[in-house]
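A.B. asks: here is a sequence together with a model predicted from it:
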Amino acid sequence: MKNYIQKPIGELLLLFLVIFSFSACISDVTNPDQPLDPNSNLEKVIDYPEAYPLENLRMDPGTLKMLADLRAATAKYHDIEVAMEDGYGLGSGCVSTPAGGMGFHYVNFAAVDGEYDPTMPEAVLYEMDKNGQMKLVAVEFVINKDEWDAENTEMPYFGMQAFDVKTGPIGPNNPLPFDNYQLHVWVWKHNPNGIFTMFNPKVTCN
């Protein structure tokens with residue numbers, strides 16, 4: 001099983017192209033009614049006064065390319081009906097803590113195993129808006145740790161970003177009944193604490 005650890009790429013042209021394309025398509029809010037660019041299959045730019053965090057623009061171009069690919073692969077899940085047709089079902093109520101929220105987890109339980117595809121997350125996360133509509137905000141990768149470790153000598157990475165490790169009995173430190181690697185990626189709603197941070201202070205369950 002290939003471990004997707006991306007080494008920094010030195011070509012200056014690739015760096016400019018990836019940073020430009022990714023920073024242009026990220027916004028704090030999403031609009032699933034907005035048409036997709038047929039050439040890129042990415043959501044068109046939505047003007048928002050808050051720039052995407054500079055920390056993301058300083059990422060290596062390999063990670064930025066993976067983030068752009070992940071957006072392209074999950075854009076269709078702005079329509080929650082499409083997500084359910086693809087095997088995602090409600091896995092949790094709205095998750096919120098004083099540190100921020102995650103929203104509702106829709107999980108493809110059949111995909112939770114020891115495999116890892118950086119364009120196919122095991123869960124997609126939604127926030128309910130004031131009109132009761134589910135808005136796609138993030139994705140989450142979940143990998144069974146024992147199964148992964150049996151085939152790999154290193155932990156999984158998303159580009160240069162290591163996964164979080166959750167072990168022990170189910171509880172505050174591990175919400176799942178098995179040891180796992182997991183990673184939240186806020187590709188559809190700006191997280192001021194970082195795109196790979198677990199909780200987003202901009203997401204609430206109110």
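C.D. replies: That came through, no problem.
A.B. asks: give me the distance between H190 and Y126.
C.D. replies: Counting by C-beta to C-beta, to the nearest Å, the gap between H190 and Y126 amounts to 16 Å. To be clear about C-beta, it is placed using only N, CA and C from the backbone, and glycine gets the same treatment.
A.B. asks: the more surrounded of those two?
C.D. replies: Y126 (25 against 20; other C-beta atoms under 10 Å).
A.B. asks: from S96, how far off is the more buried one?
C.D. replies: Y126 is 13 Å from S96, by C-beta to C-beta.
A.B. asks: before we move on, what about H78?
C.D. replies: Distance, H78 to S96, using C-beta to C-beta: 22 Å.
A.B. asks: so where do the helices sit in this structure?
C.D. replies: Here the chain has its helices, by DSSP state H, at 12-25, 54-57, 61-74, 80-85, 145-151.
A.B. asks: which of H78 and S96 has more neighbours?
C.D. replies: Neighbours per residue (other C-beta under 10 Å) separate H78 from S96, with H78 holding more: 21 against 17.
A.B. asks: how close does the more buried one sit to M128?
C.D. replies: According to C-beta to C-beta, H78 stands 14 Å off from M128.
A.B. asks: pretty sure N173 sits against K166.
C.D. replies: Yes: at 6.7 Å, N173 and K166 qualify as touching, with contact defined as C-beta atoms under 8 Å.
A.B. asks: neighbour count winner among the two?
C.D. replies: Using other C-beta under 10 Å as the criterion, N173 and K166 rank with K166 on top: 17 against 9.
A.B. asks: relative to G168, how far out is the residue nearest to that one when sequence neighbours are not counted?
C.D. replies: Distances taken as C-beta to C-beta, 6 or more residues apart in numbering put N174 closest to K166, at 4.2 Å, once the chain neighbours are dropped. Separation of N174 from G168 (C-beta to C-beta): 5 Å.
A.B. asks: find residues that contact each of the two.
C.D. replies: Residues touching both N174 and G168 (C-beta atoms under 8 Å, 6 or more residues apart in numbering): none.
A.B. asks: many thanks, have a good one.
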